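1. coordinates only, no sequence provided:
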Ligand code: ATP
Ligand code: MG
Ligand code: MG
C-alpha cells in the first residue's frame with residue numbers, strides 16, 4: 001500500500017491545528033445538489049472529504065444542498081445516499097438538508113437588512129447585468145440601493161408572503177459595486193421563485209441563492225474546512241464577508257469555517273458534466289443512468305468497478321490547485337490492481353471454437369483442478385470437468401501459423417491449462433471453408449499436477465471449457481464510451497483545431513454483446529460477484545439482469561490497457 005501522500009489541503013489543516021483553530025477539530029462535508037446522479041468527479045470529492053475526516057478523527061457531513069426547488073428530486077437524494085454508502089463512507093448522525101435551514105437563513109437575511117448590509121433591488125435581470133459592469137469597468141449603484149431599512153424589511157416580507165411574481169424583486173448584499181471582484185458587486189442572496197420544493201412543498205416562495213446558502217450551511221453545522229472546486233475561488237471573499245457579518249450579528253462563533261479550493265477531476269475518454277450526461281441518457285446513447293459505460297457511480301458499480309479502486313484512484317491522483325487531465329488508464333489501472341488481488345479466477349471462452357480430442361474416450365468425464373486465486377492458495381481449488389470435446393478460443397488455432405505463434409496448429413503441441421498437453425492433428429471445415437473444429441490427440445501422462453507432467457515443454461498454454469458442461473451465457477464486452485480522449489474537443493493533435501459535438505466522439509464499439517462458453521462453476525455466481533476470466537480481464541455478474549442460476553456478465557476492464565498509444 002502506498003503511503004497517503006501529503007497534499008496542500010493537509011498542510012493547511014495541519015497548520016490550523018498547530019494554531020489551535022477550532023481546538024484542532026476537523027469537520028468536512030460532501031454537499032451535492034440532488035439534481036442528478038453522482039459521477040467519478042464526485043467520487044474524488046467524496047474520497048477527499050470523508051478521507052480527511054477519517055484521517056483527522058473528525059466527521060464528514062452528508063449534506064443535500066437543496067436550495068433550488070425546480071431541479072431537485074427525492075429520486076436523486078436516494079441515489080446519492082446509495083452511491084456514497086456504496087463507496088463505503090459513513091456520515092454517522094450527520095445527514096443534513098439545506099432546506100431544513102430555510103427559517104434560519106431567512107432570519108439571517110433580515111438581519112443583514114437591519115444592519116444595512118442587504119437591500120431589495122427591483123431592477124430587471126437585464127438592467128442588473130448592465131449595472132454590474134465588467135472585469136475592466138466598475139459597476140454602478142442601483143437606484144434602489146439606498147432604500148431604507150424599514151422599506152427593505154417590508155418588501156422582503158412581502159416577497160416572502162407571495163405578493164410578487166418571480167423576478168420582480170431580489171435581495172442583494174450591499175458590498176461594493178466597484179470591487180475588482182465581480183462577486184462582491186452586491187451579489188443576489190434571495191430570489192422569488194414560486195415553485196414546489198421536494199421537501200418543503202409550497203411553504204416558501206423565496207429561496208436563498210447558492211452563494212448565500214452554502215456558507216451558512218457550513219457554519220450552522222460547525223464545519224471547519226469547506227472544500228470545494230476551483231471555480232469557487234472568486235466566491236471566497238463573499239463567503240468570508242458573509243460569515244464574518246453574521247458572526248458580528250451573533251449568529252456564529254468564531255472562527256467561522258474556512259473555504260479551500262482544489263482542482264476538479266477531468267478525466268479523458270468521458271464527460272463529467274451533468275448537462276452532457278443528461279444528454280447521453282435522454283438521446284439514448286446509453287441505456288440509462290446506470291449504464292456501465294457512463295461515468296456515473298451507479299454505472300461504475302454495474303460495470304464492476306470497486307470502492308477500493310476508487311479510493312486508490314483518489315489517493316493516487318491527489319489534490320492540487322491547478323486544473324489538469326487525468327488519463328482514464330489511471331482509473332482503470334486502479335481497478336485492475338484491486339481486482340487482481342480481490343477477484344477469483346475463472347475460465348471463460350469468449351469466441352468459442354470446438355476442440356475434439358480424437359483419442360479421448362467418448363462419453364467420459366474426468367476432473368481437473370484449478371486454483372481459485374494464484375496469490376491466495378488458501379482460497380483452494382475448484383473442479384473443472386474435462387471431456388472429449390472442449391471449447392477453446394478461435395484465436396488459439398491457426399491453420400497456417402504466423403511467425404512466433406505457439407498455440408495450436410497442425411503438428412504443434414500446447415498445454416490445456418490445468419489439463420493435458422495435446423498435439424494438434426488438423427481441423428474440420430464447412431462447405432465454405434470456415435473452420436468448425438480443431439482436432440488433436442492428448443498425451444495421457446501429461447495431466448497437470450501429476451508426476452512427470454512437466455517433462456513436456458510446450459510454449460502455448462490455453463484455456464478451455466468442456467462442451468458438455470459449459471454454461472452458455474450472455475457476456476457484455478464494455479469498452480470506453482468515447483473513442484477520443486477529449487470528447488468534442490480537438491485540443492491536442494487536431495489539425496483543424498475544431499470543437500465539435502462531443503456526441504460524435506462516441507466509440508461505436510463501446511459495447512459488444514456476445515454468447516460465451518463459461519466453466520460450469522460460474523453458473524452459481526451471485527449478482528455483483530467479480531472474477532478474473534483468465535487471459536481476458538475482469539468481469540462482474542450484472543446486478544440487475546442476473547437471475548438465480550443464470551448470471552449475465554459485464555466486462556469491467558481488460559487485463560491490459562489496449563488504448564495505450
Ligand atoms: P455539475 O457541475 O456537473 O452540475 P456540480 O459540481 O454542480 O456538478 P454538485 O452536486 O454541486 O455537482 O457537487 C457536489 C460536490 O462535488 C461539490 O463539492 C463539487 O465541488 C464536487 N464535484 C463535482 N464535480 C467534481 C469533479 N469533477 N471533481 C471533483 N469534485 C467535483
Ligand atoms: Mg453544484
Ligand atoms: Mg458544478
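-> Perfect, thanks for sending it. Just so it is clear, the structure is predicted and the values come from calculations on it, not from any experiment. Ligands and ions are numbered 1, 2, ... in the order given.
2. now residue 191: closest residue in space that isn't a chain neighbour?
-> Excluding the flanking residues, the one nearest residue 191 by CB to CB, 6 or more residues apart in numbering is residue 170, at 5.2 Å. Yep, even glycine has a C-beta here, placed from its N, CA and C like the rest.
3. quick check: the residue of the stretch 1-150 of the chain nearest ligand 1.
-> residue 41 (2.3 Å; CB to the nearest ligand atom).
4. that residue: how many residues sit nearby?
-> Neighbourhood size, residue 41 [other CB atoms under 10 Å]: 18.
5. any idea how far residue 47 is from it?
-> Relative to residue 47, residue 41 is positioned 11 Å away (CB to CB, to the nearest Å).
6. then residue 14?
-> In this structure, residue 14 and residue 47 are 19 Å apart, going by CB to CB.
7. more neighbours: those two, which one.
-> A count of neighbours by other CB under 10 Å puts residue 47 above the other of residue 14 and residue 47, at 24 against 12.
8. tell me who's in contact with residue 214.
-> Applying CB atoms under 8 Å, 6 or more residues apart in numbering to residue 214 gives the contacts 31, 65, 226, 239.
9. domain assignment for the chain?
-> As assigned by automatic domain parsing, the chain contains the domains 8-262, 274-344+473-558, 348-463.
10. show me the shaky parts of the protein.
-> Applying pLDDT under 70 to the chain flags residues 1-6, 490-498, 565.
11. can you list the residues of it near ligand 1?
-> Within the chain, the residues that sit near ligand 1 (CB under 6 Å from any ligand atom) are 31-33, 41-42, 44-45, 228-229, 264-265, 272-274.
12. buried ones among these?
-> Using 16 or more other CB atoms under 10 Å as the burial test, those include 31-33, 41-42, 44-45, 228, 265, 272, 274 as buried.
13. so can I have TSV of those residues showing secondary structure and distance to residue 564?
-> As requested, these are exported to TSV (DSSP: H, G, I helix; E, B strand; the rest coil; distance: CB to CB, whole Å):
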residue	secondary structure	distance to residue 564
31	coil	37
32	coil	34
33	coil	37
41	helix	24
42	helix	27
44	helix	23
45	helix	28
228	strand	34
265	coil	21
272	coil	22
274	helix	30
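14. closest to residue 345 out of those residues?
-> Residue 345 lies nearest to residue 44 out of these, by CB to CB, at 31.0 Å.
15. correct me if wrong: that closest one contacts residue 316.
-> No - using CB atoms under 8 Å, residue 44 is not in contact with residue 316; the gap is 10.9 Å.
16. re earlier: gap between the residue of the stretch 1-150 of the chain closest to ligand 1 and residue 201?
-> Counting by CB to CB, the separation of residue 41 from residue 201 is 32 Å.
17. circling back to that earlier point, beta partners for the residue nearest to residue 191?
-> When bridges are called by DSSP bridges, residue 170 pairs up with residue 121, residue 191.
18. neighbours around it, how many?
-> Neighbours of residue 170 using other CB under 10 Å come to 21.
19. may I have the phi/psi pair for the closest residue to residue 470 other than its chain neighbours?
-> Distance criterion CB to CB, 6+ apart; nearest residue to residue 470, sequence neighbours excluded, is residue 517 at 4.2 Å. For residue 517, the backbone dihedrals are phi -110, psi 120 (criterion: degrees, to the nearest 10).
20. residues contacting residue 517?
-> Contact analysis of residue 517 by CB under 8 Å, 6+ apart lists 348-349, 352, 391, 465, 467, 470-472.
21. and residue 244, what element?
-> helix 236-248 (DSSP states H and E).
22. still on that earlier bit, quick one: contacts for the residue nearest to residue 191?
-> The neighbourhood of residue 170, defined by CB under 8 Å, 6+ apart, consists of 120-121, 128, 188, 190-192.
23. JSON lines please, covering the residues you listed and showing neighbour count and distance to residue 114.
-> As requested, these are exported to JSON lines (neighbours: other CB atoms under 10 Å; distance: CB to CB, whole Å):
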{"residue": "120", "neighbour count": "21", "distance to residue 114": "13"}
{"residue": "121", "neighbour count": "23", "distance to residue 114": "17"}
{"residue": "128", "neighbour count": "18", "distance to residue 114": "23"}
{"residue": "188", "neighbour count": "16", "distance to residue 114": "19"}
{"residue": "190", "neighbour count": "26", "distance to residue 114": "14"}
{"residue": "191", "neighbour count": "19", "distance to residue 114": "20"}
{"residue": "192", "neighbour count": "21", "distance to residue 114": "20"}
